[in-house]
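Peer 1: I would like to see how this sequence folds:
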Amino acid sequence: MTNCKLCKSEQVNQFSELETIIYKESELSVEMEYSVCENCGREFVSKQQILNNDARIRDAKKVVDGLLTSTEILEARESLGLTQEQASLVFGGGRNAFSKYERAEVSQSASMDKLIRMCLKHSNIFHELLTEAGIKIPQEQLCYEHNVVSYKLHKAANQGRFNQVSTIESIEERAYG
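Peer 2: Here you go, the predicted structure:
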């Protein structure tokens, strides 16, 4: 809890209110935190509240810009099975990049955002980036591009490169594990 800097009282209440900000001609409603001292009535914003408010504003702007929010980046990284350090190796951006993205301390670039989205949609691209980063791919993670249903009447010229499966259901089970 924060003490009042004016009267040193510990009786400080925290509040939040929706504030409207204008960004790229859009009105955004963002929840903003602040504190009020019960003793002297002083209204102030603590350092942590400033950080929280900045993060909320940054995430609201990301929505307008069509970028992943900090929570969505965290969820994407976790769904890809990466630590923050591994994600930085795979996607670039520096040693602490994903920590900062996930805390909404900084915004990712549009190209970083696109790369994360591509890896979520296309496991072959993700596996290629893992390999380049020197991260081992578990064998049970198969990519649907390498599975093919065998057709009795026709054979593909490159069919020998692929793992044969018997039904479409097997493909889905192998691709999404």
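Peer 1: Helix, strand, or coil at the most centrally placed residue in the chain?
Peer 2: The chain has Ile73 as the residue nearest its centroid, 0.2 Å off, counting by Cα atoms, centre = their mean. The assignment at Ile73 comes out as helix when based on DSSP: H, G, I helix; E, B strand; the rest coil.
Peer 1: Please name the residues that touch it.
Peer 2: 98, 101-102, 108, 116 (Cβ atoms under 8 Å, 6 or more residues apart in numbering). The C-beta positions use only the backbone N, C-alpha and C, and glycine is treated the same way.
Peer 1: if we go to 6 Å?
Peer 2: Under the criterion of Cβ atoms under 6 Å, 6 or more residues apart in numbering, the contact partners of Ile73 comprise 101-102.
Peer 1: Could you report the distance from it to Asp113?
Peer 2: As for Ile73, its distance to Asp113 is 8 Å (criterion: Cβ to Cβ, to the nearest Å).
Peer 1: With Ser9 instead?
Peer 2: Separation of Ser9 from Asp113 (Cβ to Cβ): 45 Å.
Peer 1: Which one of these two is surrounded by more residues?
Peer 2: Looking at Ser9 and Asp113 with other Cβ atoms under 10 Å, you find the greater number of neighbours at Asp113, namely 20 against 14.
Peer 1: how many neighbours does Ile50 have?
Peer 2: Residue neighbour count, defined by other Cβ under 10 Å, stands at 13 for Ile50.
Peer 1: Across the sheet, point out what pairs with Ser35.
Peer 2: On the basis of DSSP bridges, Ser35 takes part in beta bridges with Gln14, Phe44.
Peer 1: Wait, it touches Gln14, no?
Peer 2: Yes - Ser35 is in contact with Gln14 according to Cβ atoms under 6 Å; the separation is 5.2 Å.
Peer 1: okay, these two: which has more neighbours?
Peer 2: Neighbours of Ser35 and Gln14, each counted by other Cβ under 10 Å, are more numerous for Ser35; the result is 17 against 13.
Peer 1: Report the buried residues of the lengthiest helix in the chain.
Peer 2: The longest helix of the chain (DSSP state H) is helix 47-65. Within helix 47-65, the residues that qualify as buried are 49, 52-53, 56-62, counting by 16 or more other Cβ atoms under 10 Å.
Peer 1: next one: stretch 31-46
Peer 2: Judged by neighbour count (16+ other Cβ under 10 Å), stretch 31-46 contains these buried residues: 32-35, 37, 46.
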